[in-house]
Every structure is written in C-alpha cells, then in structure tokens.
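J.: model this:
(4 chains)
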2 protein chains.
Amino acid sequence: MTSSPASDKRQHVIETAYALFKRAGFHATGIDRIIAEAEVAKMTMYRHFPSKDELVVEVLDYRAVRFDRQLDRLAQEGITPEQKIGKIFSWHERWFRSPDFHGCLFAHALAEFGDPGHPVFKAAARQKNGLKRRMRSILEEVMPRGRAESVAATLLMLIEGATLLAQMGQADTAIRDARKAALGIIAASRRPQ
Amino acid sequence: MTSSPASDKRQHVIETAYALFKRAGFHATGIDRIIAEAEVAKMTMYRHFPSKDELVVEVLDYRAVRFDRQLDRLAQEGITPEQKIGKIFSWHERWFRSPDFHGCLFAHALAEFGDPGHPVFKAAARQKNGLKRRMRSILEEVMPRGRAESVAATLLMLIEGATLLAQMGQADTAIRDARKAALGIIAASRRPQ
DNA sequence: TAGCGATGAGACAGACCTGTCTCATCACTG
DNA sequence: CAGTGATGAGACAGGTCTGTCTCATCGCTA
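T.: Numbering: from 1, shown residues only, chains lettered A, B, ... in the order given. From the prediction side, this is the model:
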C-alpha cells in the first residue's frame, strides 16, 4: 500500500465539495460540478459516499473537526476566560476578513435543510451546540454552571449575528460591537473573586 | 372593474410561494409546485413575474412590508425605548412559538443567494438593515447617534442569533437570554438623565 | 352581440438533477 | 506473469427544473 489512495480521493472530493458549497450553496451545487472540479469520476464519488446528502454531512463534519482543532489551539493561548473568549472573537474577526468569506456554512445548512430530522440539519446543529458547549466550559471557571450556560448561549447569539452582519458587508463594526457586548456580559456575570 | 382580479391572482401566488419557500427553501421549491399549490396556470404566474428570482424578491418585499407594519403598530404601545425594544423581543418570542416557525426567511435568502449583487440578496439585506435602523431611531432618544447605531447593531445580532437558536429548538432560553442581554446593553449605554 | 383581456390547461424545449451501469485502464501485489 | 482492486470515462434512465408556446374558455364591457 502506498499512501492509501482511496482516502486521498475521498478527502479530495470532500474539500472540493466544501469550496463549491461555500460559494454557491448546497442545492445549487450539482454532483456533476463537484466531480468536474475535483477531476474525479462520478463512480469514484458514489463509491465513497452513498448519496449527495451524505457527502454534505461529511463535508460539515470535516469542517467542524477543523474548526474545533483551531479553537483547541487558541484556547491554550489564553489564560483568563475573558482572554479565551476574546481569542474566539478574534478568530472570527480574521475569518470575516478572509478574501472568500461567504458566511457560515453550518448556518446555511440549517437554512437549506430546514427539517430538524434531516441528517444535514443535525450535523449543523451539532457544530453550533459544540461551540456553545466550548464557551460554557470556559465560563464555568468563573461562574456557576447555569449562569455559564446562559452566558454561553448569549455569546453564541452574538457570534451568529455578527457572522450574518459580516456576510452583509458589516464585518468590522459587527465584530467590534459583538466583542464589546460579550465582555460586558461576562463582566456582569463573573463570580466575585 | 370588479376588484382587480389580476392583482388578486398575483397576491395569491405571492402568499402561496411564501408558505412553500418558508417550509422547503427557495431552490428546493419548484415553479410547478407553486402553481399547483396556488391552483394557478403557469402562464398566469409568468405574466405577473418575469422569473422565479423576481418572484422571490416580491415575496421577500411583501413579508418585509408586513413585518414593518406589525412593528409600527407595536412601537406605539411602548413609551420608553426599553419598552419599545422589549416589544420587539416579545414579538420575536411569539413568532418563535408559532406552530410553523422555520427560521427567518430573509436569513435563509442570504444563505441561498450568497452573491451580494443578486437582487434577492439585496432584498434580504434591506430588511435586516431596516430593522437595525428602526431600533437605532428608538435608541437615539436616549443616547447619541453613534452609540445608538452601535447598540442597534448589537441588538440585531442578538435577534438574529436568537432566531437561529430558535430554529435549533432552543427558542425559550434563546429569547430570554437575548432580552436580558439587550436590556443590560441599553442600560449601560443610556444617556444619564 | 362582439370584442377584449385575463386565465386555465397542458404540451414542449432544453437544460440540469441524482444515481446506476458498463467497460477499459492502471497500479500494485502475490 | 496473473490477478485484484481502485479508478476514469461516459452512456443512460428517470425525474425535475425554468421558461415559452398554443389554444380554449370565461367574464366583463362597449
């Protein structure tokens, strides 16, 4: 075995599909387009993924893993919860400024696959809840669990709203206002020490 | 002329398309489905709307007008800015609880038509900016313009985030936390009186 | 009554969609 | 060398998509 060529193709399809889904959306991106861009035979794709929906799920999971890994690295840089949350907001700020920012793929998946029972919907919801859980565990260092859950939900709303405003061309003001609000909320909920 | 039957058909198509777009999304809803549900001939539809994209724009504009009218009525009930903003959050709370809540159609439009130059994208962005402008003018009563713009953007982010969380089945906690955060932010920015 | 505009019904074109199938090719391995 | 598994290339089926077209019908009005 050389370097597991099967997985190479598979991963290449996932990454190509990701780029296309991000730019044009899920329903507007056809299988033919994906395999043409990936330079892969149609049967190669269907041998790795049973259906387009399953491919979408795998793309989302792949991105969710990458996202988590980046935030894991970031979390080690901050000391206080304020710093750690600040790093998360800074990460989003850089993301908003990246040249081919097209909004949040997971939010778009929720929009296009509105059925809560659909695997794609579930995959997208998993990522959002994962981010909330991450922030909650950061906040639990300085406030009780229930309060941390509530603040984490608020921070998630600010981030999601900022992402939407960024997609509408208001990235700079959005992330600045969101960060300011976030730090204010954390300060107001911080356990006195 | 009786009651302008032409406009009746036109409006009926818009409302039928709205219900379908809301449930299944824009790209996933075909013209054939719309005319079948509206019990209208295909040519009747195409005589009123030059293309599906134009129909989508008209549906969004129609909903934006309705939304504005409801908030106009609500604005008269509140006295203080806190009350007026509170009414807007309560309106969203009721919306989240409505039986066929499927998330924000405008946000979904931004997701499905990601090109900022597309007429549908612009129509959706208009509605979001309109809500922000409405909240800003409410806030300008008690804080300077620049500050009001910033706070309004933050409130919009909270509302958008709450709508996304509501779509993920967390409507109750989302709107409660968002309202609490909103009132806190307004209090912190209020011009001393 | 005659005419006119709006509509209904549906065929049609041309493109695109997902998913299946066959067959040739190529690389690697026993 | 022979075999095996992954892949490439593309035809194909069956359906759906948008948008155009024709023709019959119906209601109102001059």
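J.: tell me how far the nearest residue in space to residue A:136 that is not next to it in sequence lies from DNA strand D.
T.: Among residues not flanking residue A:136 along the chain, residue A:152 sits closest, at 3.8 Å (Cβ to Cβ, 6 or more residues apart in numbering or on different chains). From N, CA and C alone the C-beta is placed, and that goes for glycine too. Separation of residue A:152 from DNA strand D (Cβ to the nearest atom of the strand, to the nearest Å) stands at 40 Å.
J.: from the contact counts, what lies against the helix or strand hosting residue A:152?
T.: Taking DSSP states H and E as the definition, residue A:152 sits inside helix A:145-167. Applying 3 or more Cβ pairs under 8 Å, 6 or more residues apart in numbering or on different chains; DSSP states H and E, we find helix A:145-167 packed against helix A:81-97, helix A:105-112, helix A:119-139, helix A:171-189, helix B:105-112, helix B:145-167, helix B:171-189.
J.: if we can go back for a sec, quick one: pLDDT of the residue nearest to residue A:136?
T.: At residue A:152, the pLDDT value in this model is 98.
J.: which residues touch the helix or strand bottoming out on mean pLDDT in chain A?
T.: Ranked by mean pLDDT, DSSP states H and E, the weakest helix or strand in chain A is helix A:5-24, scoring a mean of 88. If you take Cβ atoms under 8 Å, 6 or more residues apart in numbering or on different chains as the criterion, helix A:5-24 is touched by A:29, A:33-35, A:37-38, A:40, A:44-45, A:48-49, A:55-56, A:58-59, A:62-63, A:100, A:102, A:105, A:108, B:114.
J.: can you select the buried ones from the residues you listed in PyMOL?
T.: Command for PyMOL, covering only those of the contacts of helix A:5-24 found buried under the criterion 16 or more other Cβ atoms under 10 Å in any protein chain shown:
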select buried, (chain A and resi 29+34+35+38+40+44+45+48+49+55+56+58+59+63+102+105+108) or (chain B and resi 114)
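J.: narrow the contacts of helix A:5-24 to those in helices?
T.: In this view, the contacts of helix A:5-24 that belong to helices under DSSP state H are A:33-35, A:37-38, A:44-45, A:48, A:55-56, A:58-59, A:62-63, A:105, A:108.
J.: can you name the residues of chain A sitting close to DNA strand C?
T.: A:1-2, A:29-33, A:42-43, A:46, A:50-53 (Cβ under 7 Å from any atom of the strand).
J.: so where's chain A shaky on pLDDT?
T.: A:1-7, A:192-193 (pLDDT under 70).
J.: in it, what residue comes closest to DNA strand C?
T.: residue A:30 (2.5 Å; Cβ to the nearest atom of the strand).
J.: what about that residue, how many residues close to it?
T.: 12 (other Cβ atoms under 10 Å in any protein chain shown).
J.: same thing with residue A:66?
T.: The burial count for residue A:66: 11, using other Cβ under 10 Å.
J.: also the one 3 residues further on?
T.: Other residues lying near residue A:69 total 10 when counted by other Cβ under 10 Å.
J.: residue A:51 too?
T.: 11.
J.: near DNA strand D, which residues of chain A are found?
T.: A:5-6, A:8-10, A:39-44, A:47-48.
J.: rerun at 10 Å
T.: A:1, A:4-10, A:12-13, A:27, A:30, A:32, A:35-36, A:38-48 (Cβ under 10 Å from any atom of the strand).
J.: for ChimeraX, what selects the buried ones among these?
T.: The ChimeraX selection below is limited to those of those classed as buried (16+ other Cβ under 10 Å):
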select /A:9,10,13,27,35,38,40,44,45,48
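J.: just give the nearest non-adjacent residue to residue A:165, would you?
T.: residue A:174 is the one closest to residue A:165 (Cβ to Cβ, 6+ apart), at 3.8 Å.
J.: that concludes my questions; thank you for your assistance.
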